[in-house]
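Colleague: test case, fold it:
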Amino acid sequence: MNFLAHIYLSGKPSPLMIGNFIADYVKGKQLERYTPEIQQGIRLHRKIDAFTDKHEIVKRSTARFKPCYQRYASVVIDVVYDHYLAKFWNNYSDAELNQYVTEVHNYFLKHYFTLPNRVKGFLPFLIKSRRLETYKHMWGIERSLAIMANHSSLPAKSDCAIKVMEEQYDEIHHEFDAFFVDMRNMVQSEIATLATDL
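Modeller: Predicted coordinates for the structure are as follows:
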């Protein structure tokens, strides 16, 4: 799961959402710098990642991108799945995607100084580019993968990823739908448990 899915699965804008958003940039004892609610969001993010990595449907989707990306295919499927969430957003939310993204942006800006420095560094670009919203377009996915390739060890093969998506679009969509039912059920149960722990 990538940015949009993690944010969406957190529910309404809240400290839990902040934690879920920043978790990849919080290591070890850095967790203790944050409020209990944000810590819960960080832990939720890690559970979402673990659940995703082990899910058989996700493994099936990931295999479709291995000819392009080899061991990095699991990174790519996170972004690809965000495409299906954004593209078919109205199946998952009553709010329009652009309105939702604006609300999330405003919330993160309101809590800007709570964020880790690396997140502060890329948040303005994320907001200006409307990146969460552009996931609904194939060009948005291609651009996101290209940006990731420029800033990480991800191979620069976004054209290959788009080709796989175009050729197997419906199959991947069906896999995402089936997986996301399981994911939402897991997260709803987890959030209910977290609420009793705070």
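Colleague: just the mean pLDDT for the helix or strand hosting Ala50, thanks.
Modeller: In this structure, Ala50 is located in helix 36-54 according to DSSP states H and E. For helix 36-54, the mean per-residue pLDDT is 95.
Colleague: would you check how far apart Met138 and Leu31 are?
Modeller: 37 Å (CB to CB, to the nearest Å). For the C-beta atoms, the positions are set from N, CA and C on the backbone; glycine is no exception.
Colleague: ah, wrong one, I meant Asp82
Modeller: For Asp82, the distance to Leu31 - CB to CB - is 25 Å.
Colleague: would you map the strands across this protein?
Modeller: Assigned by DSSP state E, the chain shows no strands.
Colleague: where are the low-confidence patches of it?
Modeller: 195-198 (pLDDT under 70).
Colleague: flag every buried residue along the helix ranked longest in it.
Modeller: Ordering each helix of the chain by length in residues (DSSP state H) puts helix 169-197 first. Judged by neighbour count using 16 or more other CB atoms under 10 Å, the buried positions of helix 169-197 are 172-173, 175-176, 179-180, 183, 186-187, 190-191, 194.
Colleague: please apply the same query to stretch 109-120.
Modeller: In stretch 109-120, counting by 16+ other CB under 10 Å, buried: 114-116, 119.
Colleague: ends of that stretch, what's the gap?
Modeller: In terms of CA to CA, to the nearest Å, the two terminal residues of stretch 109-120 are separated by 9 Å.
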